[in-house]
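**Q** structural data only, the sequence is not supplied:
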C-alpha cells in the first residue's frame, strides 16, 4: 500500500505557516510500513482540490487530506468532496451534540453561530472519525479499493485523530510492503569525507537497501532503508557502519543531538547548566524539550544584559569593561559562573551579536563566542556567522551542542 | 506568473525533517506578487522527479526545485534533469575552484574526494547560481517560456541563493498579476464568534477579495487577499475590520504575538523578565528571537529545580514544602522574584508537569500554572493540558503571551 498526503490551505502556499503535519503523518505511516510517495500542498480552491484528489488516487491506495474543514467561508473542502464522491452532506447528530457541548462550555451563555452547525455535516455513508479535542470531525471514505481520509489541519486535532482513529484502523489492514530503517548520527566528518570512509560498504549494498546522507549543521545523519520482505541484511550493514565510524557516532537511533546528550548525561548522572546571551534560552529550551531532561538539567540563565551577567553569573565588571560582553574572557566567566551556581558538571555559555543591529567593525554581526566548561577544562570557540539573526542563533546552538558532545566523549574516555 | 515548488528528498516523505523551505520560498515569491499554486514533495527517484517536473511545468511558468544536489550517491537530481532537458552535465571551472577552496580550508591537508568534483557539474547552457556559502551551485534554466530553478535543500544555502541570485532576477521580470495581502491578528474571540461579528463585512467583500481565518492557540489571524490589478478596496475593508474588532486586535501586520510584544514594550520603554520551569527557556527564546528584543528584555531564569527557584528567584522554602513547585503560590513568588531581580516592569512565570513523567493523581500530567506580574497586579491561571510534552510546552507559551498581552492592554488603558 502506497500513501499520498494532501494539505489544503492558502496559508501554506504563501508561507504563513510551515506544513509540519505532513512530516508527522509521513513518520507515523512509515512506522506502519506504508510508504508516502508524494506530499502535495494546494490552495482552498474547489477545482484544484478535485484535480489533486484524482491524481493522488491514481498513484496511491491511501490518500490522507488535512485542512479546509473549518466552519468559515474560506473552507471549501467538504462541499468539494461531496461533489467528488457524488454524495450529499448530512448532519450527524452525535457530532452536533458534541459541538453544542463545546460551545456551552466556552461560550458563557452566548448563542452558537449558525456556521458551527455545519461542522456536524459529513459525507453520506462515510465513517465519521469522532474528534474529542475539536469541533471538526474526520471522515474515512472507501471507493474502488482506495481509502480517503479527511482531517482538520489544526496539528493537535490531526494528531489526535491519527493516533486514536486512523492508525489503529490502518494497522489492521494487510500491508504487503515491509520497509525497515536504521539510523546513524555522526559528528566531526563532512558528508564527502564520510562517503569516502564508507565507500566500500556503500558499494556492497544490495539493490534492496538504500543509503541516504542528511547533513545538517555539523552532524551528518545516515539512513539505511530496506525495501521488501527479503532477509534482514540491513542490521549487518548497520553494524558495519557503526564499527567503521566508531567515535564519530553520536547515536545509532534517529535522535537529535540534544536527545543524545540528555540520554547520556542522565545515564552517567552528569548535570548540565547553561548561561546564554545571544541564544536567549534556545539551548535550555532544546534540552528541556526532551523527556527526562530534569534528570540532568537544573538551571539556565539568560543573561541578556551586562548587569545580569555580573549580578547572577559573577562575571567581573573589569572583564566586561576591558574585553566587552562578546569576548572569550566573558564567555569563560559565564560558563564557570553558571557551573558553580548550579553545582553542575558541565556548562555551556554563549555571547554574540545575533543581528541585525549591534555590529561594529571589530565585532561585526555574526560574531559569537561559545564556551564549554567540563570536569577537566573550559574550551572556547569563536564563530563568525553572517547577517541572519535566526540562522546565527540556530548555528550557535548546533555548534554548542557539538562542542559539548566532543568534550563529553573526550572526558569520558579519560 | 504562477509558481510551483518541488522539494526532493526521502527524508521529507518519511517525516525525518519538516519541509520549512517551501514556506519560506512561498513567502518570498508572494512579496514579489508571484503566487505559488502547488508545493510537491517527492522522493529521490529519477522517474518521479521527471513526472513531477512535467506536471508542474504544465501548470506554472516558474518551477523552483530544492534538494538532491549533494555529492553522494542518493542524490540523483542532476543526472535526471540532464536527461529531462536533453543537455549533458559539464564541469564548471569557477565552481570547481570554489569547491577546492572550501576543502583546502576545512580539510587540514586531506585530499578532496572524487565525488566532490561532481559538485561542480552543471547542466550545459544553464545560468550557474554561484553558491558562496556551500559547495553545490544553483542552476537557472529557461525552456519554452518556462523558468526552472534548482537549488540545494540545505536551508541556509537555499536562502542565500534565493536572496542573492534568484529573487533579484525574478524582481526584474514583468509580473502581471498583482496580489495584495492585509493581515489582522486578533485575540480573545474564537473563530466562529469572530466570523459572526464580522459577517456583514465578509458578505460585502467583492469577488476579487478573499478573507481567510487562521486560528492558532488562542489567536485568530485574518488575511485579506486581493487578486488582480483592480482598485484598492482592500485597505477599506482592512480598516473596517480593524474598527469592528477594536481591542481584540493585537496587530494589523502579519506578526507573531511575541513580535507584537517586543515592538510595543520597546516603544513604551517597558522591561520584561521571565522565570520558567516547565517551559525551560522557550518563552525567553521566543522573545529573544525577535530583532530588537534587547531593548525590552534583560534577564530570564530557567529554574528547573527547587533549589534554583529558592536560591535565585527567592521562592520561600515553606511555599515549596506546603504547596509544591507546581502551585499558584510558587508561580506568584517566581514572577515577583524575577521582576525584582531583573528590575523589570512585567514578568512571566511558569511551572507545570509537561510529561510524560511526573504526574500524580492530584496534579496529573498537563497541570500548568502561569503567573503574569505587571505594574499593578499579579494574575495567575491554572491550565489542564494533556499528555504530549511538546504540545504542553507550546500551549503554555501561547497562553502566557496572551495573558501578558491582555494585562499590558489593560494596564496601558488605566
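**A** Yes, it's here. Since this is a predicted model, take the numbers as computed values, not measurements.

**Q** residue ranges with poor pLDDT in the stretch 201-350 of chain A?
**A** A:229-232 (pLDDT under 70).

**Q** how does it look with 90?
**A** Counting by pLDDT under 90, the low-confidence segments of the stretch 201-350 of chain A come to A:207-210, A:212-219, A:225-233, A:246-247, A:254.

**Q** just the helices in it please.
**A** Secondary structure of the stretch 201-350 of chain A (DSSP state H, counting those that start in this stretch): helices at A:233-245, A:257-267, A:282-288, A:306-311, A:317-323, A:328-342.

**Q** tell me the most buried of those helices?
**A** Comparing those by mean neighbour count (mean count of other Cβ atoms under 10 Å in any protein chain shown), helix A:282-288 ranks first with a mean of 28. In short, each C-beta sits where N, CA and C put it, glycine included.

**Q** buried ones in the helix or strand where residue A:30 lies?
**A** Residue A:30 is part of helix A:21-31, with elements assigned from DSSP states H and E. For helix A:21-31, the neighbour count (16 or more other Cβ atoms under 10 Å in any protein chain shown) marks A:21-26, A:28-30 as buried.

**Q** taking the residues you listed, tell me the two that lie furthest apart.
**A** A:21 and A:30 (14.8 Å; Cβ to Cβ).

**Q** what lies in contact with the helix holding residue A:30?
**A** A:3, A:5, A:7, A:35-36, A:39, A:41, A:62, A:64, A:66, A:153, A:155, A:158-159, A:162-163, A:167, A:170, A:179, A:181, B:12-19, B:41 (Cβ atoms under 8 Å, 6 or more residues apart in numbering or on different chains).

**Q** just the residues you listed: which are in helices?
**A** A:155, A:158-159, A:167, A:170, B:12-13 (DSSP state H).

**Q** what's the neighbour count on residue A:105?
**A** Using other Cβ atoms under 10 Å in any protein chain shown, the number of residues around residue A:105 comes to 8.

**Q** so what's it up against?
**A** Residue A:105 touches nothing, counting by Cβ under 8 Å, 6+ apart.

**Q** distance check, it against chain B.
**A** 12 Å (Cβ to the nearest Cβ, to the nearest Å).

**Q** looking at this, that residue is in a strand?
**A** No. Checked against DSSP: H, G, I helix; E, B strand; the rest coil, residue A:105 lies outside a strand; its state is helix.

**Q** pLDDT wise, what is it at?
**A** Per-residue pLDDT puts residue A:105 at 73.

**Q** and if you look at the one 5 residues further on?
**A** Turning to residue A:110, the model gives it a pLDDT of 76.

**Q** do residue A:174 as well
**A** At residue A:174, the pLDDT value in this model is 62.

**Q** closest residue of the stretch 301-414 of chain A to chain B?
**A** Going by Cβ to the nearest Cβ, chain B is nearest to residue A:302 of the stretch 301-414 of chain A, at 3.4 Å.

**Q** residue contacts, that residue?
**A** A:276-277, A:280-281, A:284, B:274, B:281, B:284, B:288, B:299-302.

**Q** I'd like the distance between it and residue B:315.
**A** 18 Å (Cβ to Cβ, to the nearest Å).

**Q** redo the ones in helices among the contacts of helix A:21-31 as TSV? Include pLDDT, distance to residue A:407 and neighbour count.
**A** Formatted as TSV, the ones in helices among the contacts of helix A:21-31 follow (pLDDT from 0 to 100; distance: Cβ to Cβ, whole Å; neighbours: other Cβ atoms under 10 Å in any protein chain shown):
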residue	pLDDT	distance to residue A:407	neighbour count
A:155	89	36	18
A:158	95	40	24
A:159	92	37	18
A:167	90	41	17
A:170	88	45	21
B:12	92	33	24
B:13	94	36	28
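
**Q** so is the longest helix along chain A next to chain B?
**A** Counting residues, the longest helix found in chain A (DSSP H) is helix A:389-413. Yes. Judged by Cβ under 8 Å from any Cβ of the partner chain, helix A:389-413 and chain B are in contact via A:389-391, A:393.

**Q** so which of those comes closest to residue B:199?
**A** residue A:390 (38.3 Å).

**Q** list the contacts for the residue lying farthest from the centre of chain A?
**A** Ranked by distance from the centre of chain A (Cα atoms, centre = their mean), the top residue is residue A:318, with 42.1 Å. Residue A:318 sits next to no residue when contact means Cβ under 8 Å, 6+ apart.

**Q** from residue A:292, how far off is residue A:382?
**A** 33 Å.

**Q** which of the two has more neighbours?
**A** residue A:292 (16 against 13).

**Q** residue A:262 is in contact with the more buried one, correct?
**A** Yes. Assessed by Cβ atoms under 8 Å, residue A:292 is found in contact with residue A:262 at 5.8 Å.

**Q** please identify which of the helices of the stretch 201-350 of chain A is closest to residue B:52.
**A** Comparing these by Cβ to Cβ, helix A:233-245 comes nearest, at 28.3 Å.

**Q** show the contacting residues for residue A:88.
**A** Counted by Cβ under 8 Å, 6+ apart, residue A:88 has contacts A:82, A:123-124.

**Q** please flag which of these sit within helices.
**A** Those of the contacts of residue A:88 lying in helices (DSSP H): residue A:82.

**Q** dump the contacts of residue A:88 to a markdown table, plus pLDDT, neighbour count and distance to residue A:247.
**A** Formatted as a markdown table, the contacts of residue A:88 follow (pLDDT from 0 to 100; neighbours: other Cβ atoms under 10 Å in any protein chain shown; distance: Cβ to Cβ, whole Å):
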| residue | pLDDT | neighbour count | distance to residue A:247 |
| --- | --- | --- | --- |
| A:82 | 94 | 17 | 59 |
| A:123 | 95 | 22 | 57 |
| A:124 | 95 | 13 | 62 |
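
**Q** Throw the residues of helix A:389-413 next to chain B into TSV and include neighbour count, distance to residue B:49 and pLDDT, thanks.
**A** Output for the residues of helix A:389-413 next to chain B, formatted as TSV (neighbours: other Cβ atoms under 10 Å in any protein chain shown; distance: Cβ to Cβ, whole Å; pLDDT from 0 to 100):
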residue	neighbour count	distance to residue B:49	pLDDT
A:389	22	34	91
A:390	14	30	89
A:391	19	28	86
A:393	25	34	95
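
**Q** for the stretch 1-150 of chain A, just list every one of the strands.
**A** A:3-8, A:36-42, A:62-66, A:89-91, A:121-123, A:127-129, A:138-143, A:146-151 (DSSP state E, counting those that start in this stretch).

**Q** tabulate the ones you listed in CSV, adding columns for distance to chain B.
**A** Listed next are those as CSV, based on distance: least, Cβ to the nearest Cβ, whole Å:
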stretch, distance to chain B
strand A:3-8, 8
strand A:36-42, 4
strand A:62-66, 12
strand A:89-91, 16
strand A:121-123, 14
strand A:127-129, 18
strand A:138-143, 18
strand A:146-151, 16
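
**Q** residue B:86 is nearest to which of these?
**A** Closest approach to residue B:86 among the strands of the stretch 1-150 of chain A (Cβ to Cβ): strand A:36-42, 25.2 Å.

**Q** ok, residues contacting that closest one?
**A** A:2-9, A:12-13, A:19, A:22, A:25-26, A:29-30, A:48-49, A:52, A:56, A:59-60, B:12-14, B:19, B:22, B:37-43, B:48, B:52.

**Q** relative to helix A:21-31, how tilted is that strand?
**A** 160 degrees (axes from the mean of the first three to the mean of the last three Cα atoms, to 10 degrees).
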